[in-house]
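In: Predicted model, plus sequence, below.
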Amino acid sequence: MTVTTSNPEVLSELDRPNSYIGKSVPRPNLERLMQGRGLYVSDMELPRMGHVVFLRSPHAHAKIAGIDAAAARSVPGVIAVVTGKELAAVITPWVGVLSHLKGLKSAPQHAIAIGRVCWQGEAVAAIVATSRAVAEDAAEIVRVDYEELEAVTDMRTALDPATPVIHPSLGDNLAFERNLDAGEVDAAFAGSDAVVEADFIFGRHTGVTLEPRSVVADWNAAEVRLTIYQGTQAPHMVQNLAALHLGLSESQVRVVCKDVGGSFGIKVHLYADEMATYALSKLLRRPIKFVADRVESFNTDIHARDHRCLGRIGVRRDGVITAFEIDDLTGIGPYSMYPRTSAIEANQVVNLVGGPYVTKNYRARTRVVLQNKNVMCQYRAVGHPIACSVTEGLVDLAAAKIGMDPVEIRRRNLIADNAYPCASPSGLRFELLSHHAAMNKLMTMMDYDALRAEQAALRSKGIHRGIGIASFIEVTNPSAAFYGVGGAKISSQDGVAVRLDAQGSVICQTSITEQGQGSESLTAQIVGSVLGVSMERVRVILGDTDNTPYGGGTWASRGAGIGGEAALQAAKVLRRNILDVAAAILQSSSAELDIADNAIVNAGDGASRMELRELARIVYFRPDTLPPGVQPELMATRHFVPREYPFAFTNGVQASWLEVDTDTGFVKLLRHWVVEDCGTLINPQLVDEQIRGGVVQGLGAALFEKCAYDERGQLTNANMADYLVPMSGEMPDIDVGHVVSPTAETELGAKGAGEAGTAGAAAAVANAVNDALRPFGAVITEIPLTPQTILTALGRI
Amino acid sequence: MKAAAFAYARATSVMNALELLGAHGDRAKVLSGGQSLMPAMNLRLISPELIIDIGELAELRGIAVSGSIIRIGALTRHVDLLKSPDIAAHAPLLTEAIAHVAHPAIRNRGTIGGSLAHADPASELPACMVALNATIIVRGQGGERRVAAEDFFKGIYETDLSAQELLISVELPVAGKNSRHFFHEFARRHGDYAIAGLAAQAIVEKDAFTDLRLVFFAVGDRPVLARAATNLVNVTITPPVLATASAALGEDLDPQDDQQASASMRRHLAKVLLARGASALLGRPDLNAGGRA
Ligand SMILES: Cc1cc2nc3c(=O)[nH]c(=O)nc-3n(C[C@H](O)[C@H](O)[C@H](O)COP(=O)(O)OP(=O)(O)OC[C@H]3O[C@@H](n4cnc5c(N)ncnc54)[C@H](O)[C@@H]3O)c2cc1C
């Protein structure tokens, strides 16, 4: 890892002796996880707990003419078989729309289908039994009488008059459309030396979390209260919506979320089967456990991407890009997902295309259509990989057309590093980005010129290697502009409470959550640094709506930037309070004192005056010895939400170096580089891990992952043998470098880093493959780039 | 994803296992490493009434060389093959091939008997058995049969084994003088089943093949011993000779379309393997025209 700081003045509160900021300290939760003491919902057992299995539709679209569960009900160990109609007595349906996405429409969705199923995998009945195995036995003998209906599967014909309308009440299959026209696009194309067009196709794929979605819902009739144990990214959102649809107040719902086996955006939504599990617990008055198995994970975890985007770029002979234009189409399944909706990805594509570049001429249309496939929604780097692949693919095509080096054309068009603040054609406001610094750094890291020379030398020996470059921007730290303004009860603020215990240790409760990103670590690092307390003495509590401040959770690269700032501010208050008490005890002034190494010290010479432990003892047990009138306050809470900028944009650039076997179509990834700018690096190792993990997911999209549906709406590869996740054997070394442009919106200065890797990896790979294939005149703008696709493009098969 | 209920018996001897098989026939399944059986049961693709666990039958385990024959017990695990100096010395094709079978966790449990009885057409070991001219030894209550590997594999997951028989061991001839081998497969990821593969065993004398067994896998319903190899034996291999063999190979094969590759892609990849195999076996880089021949 290498770091370049574009703004060397770092904040004072954190830049203290023994500060943990900027240090790769190990995560405090590692030991717990490594010793198998994590608390995953899938491992939970409660007394009287029933296990639910959902019987799922084998058809993409069918009328449910009847359900006969008599035989299943009499299987020993079966507690209940519940249909959608029966469950509707305790839970109301929902509609996944938001008011700021104008015109977005969807139909009411039930926890369990009533009367009709709209995708293969939709639940038609719940079988609750004393074990999952018994419930599966019983599920096999529930007889459902289906009358198959015509399935709408191809997004390209979803809007044709001849295509059936999935929800007649909506009038058509168009869920959402957005048009944007900025600058003078037609004139710009007319004034270009070349206009290049390409159809970009993105496979549907999904997150594949190691631990599938898991819920234990425990309705306590005596307390009239529901406790939900769930692997989720947003406990307060779950609390709000569970209460809303079960007819409860939020105070009657507690959501507990301890360790989570991966999320990637899969676990930031509310799924019908999860809602059904809460409702079943209330209906049956006992704890109910639902753990999705791998097949149902593929059939019901949200899918993502699946876009077809026609893109155009205009360019002048001198390399100046004159305009971008896109016409994007995506199919999202039969319902817009709840509560974040399934229009956000398409909306992001419109927002982000052309984002790194200067041109103001940009026209876009996106259409979001309904279809009889599994639901699609937000997954890591929402919309970014599509926008980046389209933009960067077009830039490379333009460069090839005018015979310019791909790096040179970018240098001529990337927004200058001193041009900030500024805005994109779609109105996104950029506070401070560093495209050129990042590109310069990348060139050094990869030794671009040497690599080009190597490429040329190998080409003459029949070895075809390619270099692909992709600049990107990334939305992080979202304010209420993302969801709140549209009416979603999803908090964009987060809170942190810190307190000193009676032995001088610190307990810190935060509303952000941990799914492996390092939320616990970064919170402890910030709190420890500000307070002058060593990290082992900071205990972080998260994932419990009864025991943390109210907040959004961890998604959209927001945990560090928003939750981290709340931690910083809360710790500052506590520090002041501690110093006030210390001053009273030591007959000094707080300005003359400081906290370092778990002790009150002289600010001037650093001499130790009193252990924090001793201060805590006095405050809690001998307040009678304090000067008159002193009322110590050793707990502090602060909340934070970005108010200046709707989003803290980050930027970066990725590069891929790979070899294409032109006889077989196989691609070997040789090396991958990322330079990113997420502002202040709290823990460089955690950032690098986020970047690498994100890149791997992007590489999966580029080469391997695809939910393969047939024309009848059947998912044909819903297993780990046929759905190819990227594995370590195929991954290249990934070098990560940083440019640091802190956001001035917070004292911490941190922006998000969770999605940057995913945003640009596929674009870099696709560009590299096309670079390798250039001598053959083949251009491929479809991912995943399978050997079959490549051989076909080469005309070999 | 839980298996349906089943009865379980741990066989105490080969005879005991055969009695159980005799009594339950195709309602029972033999359990070796469980790496193919258990996933199928958990997905409820099969629901046997009885599982006969042969895992404790030490007599079915182990590798022994006597004279010109290597005998490998059915329960010999993939990892044992991988690490065996005897296999490396006398059947190096297997050592090379086995590294392509799945991942360490699976190789630690999966067995050669299970792999051959399972007879996945994309599997490496069945192809190697055909390439190596192995004899497969099966036993029923009525006694033992010896089946040439070439005759053992009958189709997708289909073999010459009856529901009452147990695969006991395989016997391979020790690799002789001048023998050479080639193994390569195209798989989307390390450890995946191949989308096309070649296991080849040859005898090379004076820069020519005097014997050549080219066995392609994942390109048909069973390992395919290519007749096209005859074009390459006892002749001086030139690009036109190879092209003739390649064309003949195209005729030999009748691959399937599936998720990973179309039939024409599989045929193409098989031709690439032929060229690369011939080139490697003879040490002639000039022959590797990448299937373009
Ligand atoms: C993720 C994964 C990846 C894999 N990748 C590959 C791969 O790339 N290549 C490959 O070849 N294999 C692969 N496998 C399969 C693996 O090699 C198995 O070990 C092998 O196919 C079966 O061996 P087993 O001992 O586990 O048999 P089991 O699963 O125990 O049995 C398989 C079948 O054979 C029968 N059987 C077992 N032993 C006998 C016997 N002695 N006599 C009669 N019948 C018997 C069983 O009844 C059953 O029907 C993979 C498996 C997994 C889980």
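Out: Sure, I can see it. Just so it is clear, the model here is predicted, and its values are computed rather than measured.

In: Name the single longest helix found in the chain.
Out: This is for chain A. helix A:564-586 (DSSP state H).

In: actually it's chain B I care about, not the one you picked
Out: Chain B, longest helix under DSSP H: helix B:263-282.

In: Packing partners of that one?
Out: Applying 3 or more Cβ pairs under 8 Å, 6 or more residues apart in numbering or on different chains; DSSP states H and E, we find helix B:263-282 packed against helix A:787-793, strand B:179-186, strand B:196-205, strand B:208-217, helix B:239-252. Every residue, glycine included, has its C-beta placed from N, CA and C.

In: Any residues of chain B in contact with chain A? List them.
Out: B:1-5, B:43-44, B:186, B:188-193, B:195, B:259-262, B:264-265, B:268-269, B:272, B:290-292 (Cβ under 8 Å from any Cβ of the partner chain).

In: returning to that earlier point: quick one: mean pLDDT over the very next helix or strand once past the longest helix of chain A.
Out: Downstream of helix A:564-586, the first helix or strand assigned by DSSP states H and E is strand A:593-596. If you average the pLDDT over strand A:593-596, you get 96.

In: Distance from the chain centre to the helix or strand following strand A:593-596, please.
Out: Downstream of strand A:593-596, the next assigned helix or strand under DSSP H and E is strand A:599-602. Distance of strand A:599-602 from the chain centroid (Cα atoms, centre = their mean, to the nearest Å) equals 42 Å.

In: Would you mind pulling the contact partners of stretch A:443-460?
Out: Counting by Cβ atoms under 8 Å, 6 or more residues apart in numbering or on different chains, stretch A:443-460 makes contact with A:2, A:407, A:442, A:464-467, A:655, A:657, A:671, A:673, A:675, A:735, A:737, A:775, all of which sit outside it.

In: for stretch A:715-726, that is, sorry about that
Out: Under Cβ under 8 Å, 6+ apart, the answer for stretch A:715-726 is A:120-121, A:206, A:208, A:294-295, A:298-299, A:373-374, A:696-697, A:699-700, A:703-710, B:43, B:188-189, B:192-193, B:259.

In: Among those, name the ones in helices.
Out: A:Arg294, A:Val295, A:Phe298, A:Asn299, A:Val696, A:Gln697, A:Leu699, A:Gly700, A:Leu703.

In: thinking again about what came up before, can you narrow the contacts of stretch A:715-726 down to the ones near the ligand?
Out: Among the contacts of stretch A:715-726, the residues within reach of the ligand (Cβ under 6 Å from any ligand atom) are B:Asp192, B:Tyr193.

In: In ChimeraX, select just the buried ones from the contacts of stretch A:715-726.
Out: What follows is the ChimeraX syntax for the buried subset of the contacts of stretch A:715-726, where burial is set by 16 or more other Cβ atoms under 10 Å in any protein chain shown:
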select /A:120,121,206,208,294,295,298,299,373,374,696,697,699,700,703,704,705,706,707,709 /B:188,192,193,259
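
In: which stretch of helix or strand covers B:Ile106?
Out: helix B:104-107.

In: Point out the other helices and strands that that helix packs with.
Out: With contacts defined as 3+ Cβ pairs under 8 Å, 6+ apart, helix B:104-107 has these neighbours: helix B:78-83.

In: What are the buried residues along stretch A:493-509?
Out: Within stretch A:493-509, judged by 16+ other Cβ under 10 Å, the buried ones are A:493-501, A:504-509.

In: average pLDDT for it?
Out: Here stretch A:493-509 scores 98 as its mean pLDDT.

In: what's the straight distance from one end of it to the other?
Out: Terminal residues of stretch A:493-509 are spaced 15 Å apart (Cα to Cα, to the nearest Å).

In: before we move on, back to that, any of the residues of chain B next to chain A buried? List them.
Out: Of these, these count as buried by 16+ other Cβ under 10 Å: B:1-3, B:186, B:188, B:191-193, B:195, B:259-262, B:264-265, B:268-269, B:272, B:290-291.

In: Quickly check: stretch A:727-734 near chain B or not.
Out: Yes. Stretch A:727-734 lies within reach of chain B by Cβ under 8 Å from any Cβ, at A:Met727, A:Gly729, A:Glu730.

In: gap between the longest helix of chain A and the chain center?
Out: For helix A:564-586, the distance to the chain centre is 33 Å (Cα atoms, centre = their mean).

In: could you say what helices and strands that helix packs with?
Out: If you count contacts as 3+ Cβ pairs under 8 Å, 6+ apart, helix A:564-586 packs onto strand A:494-500, strand A:506-510, helix A:519-531, strand A:593-596, strand A:599-602, strand A:608-611, helix A:612-621, strand A:635-640.

In: which other residues reach the last one?
Out: Among residues not part of strand A:635-640, those counted as contacts by Cβ under 8 Å, 6+ apart are A:493-500, A:549-551, A:562-563, A:565-566, A:569-574, A:577, A:746.

In: Most neighbours of all the residues of stretch A:727-734 next to chain B, which one?
Out: Counting neighbours by other Cβ atoms under 10 Å in any protein chain shown, the top entry in the residues of stretch A:727-734 next to chain B is A:Glu730, with 18 neighbours.

In: Most proximal residue of the stretch 251-400 of chain A with respect to chain B?
Out: A:Asp293 (3.8 Å; Cβ to the nearest Cβ).

In: And the pLDDT at that residue?
Out: We have a pLDDT of 96 for A:Asp293.

In: quick one: which of the ones in helices among the contacts of stretch A:715-726 is nearest the ligand?
Out: Comparing those against the ligand with Cβ to the nearest ligand atom picks out A:Arg294 as the nearest, at 12.1 Å.

In: what residues are up against that closest one?
Out: A:Pro212, A:Ala718, A:Asn719, A:Met720, B:Met1.

In: would JSON lines of those with secondary structure be doable?
Out: Output for the contacts of A:Arg294, formatted as JSON lines (DSSP: H, G, I helix; E, B strand; the rest coil):
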{"residue": "A:Pro212", "secondary structure": "coil"}
{"residue": "A:Ala718", "secondary structure": "coil"}
{"residue": "A:Asn719", "secondary structure": "coil"}
{"residue": "A:Met720", "secondary structure": "coil"}
{"residue": "B:Met1", "secondary structure": "coil"}
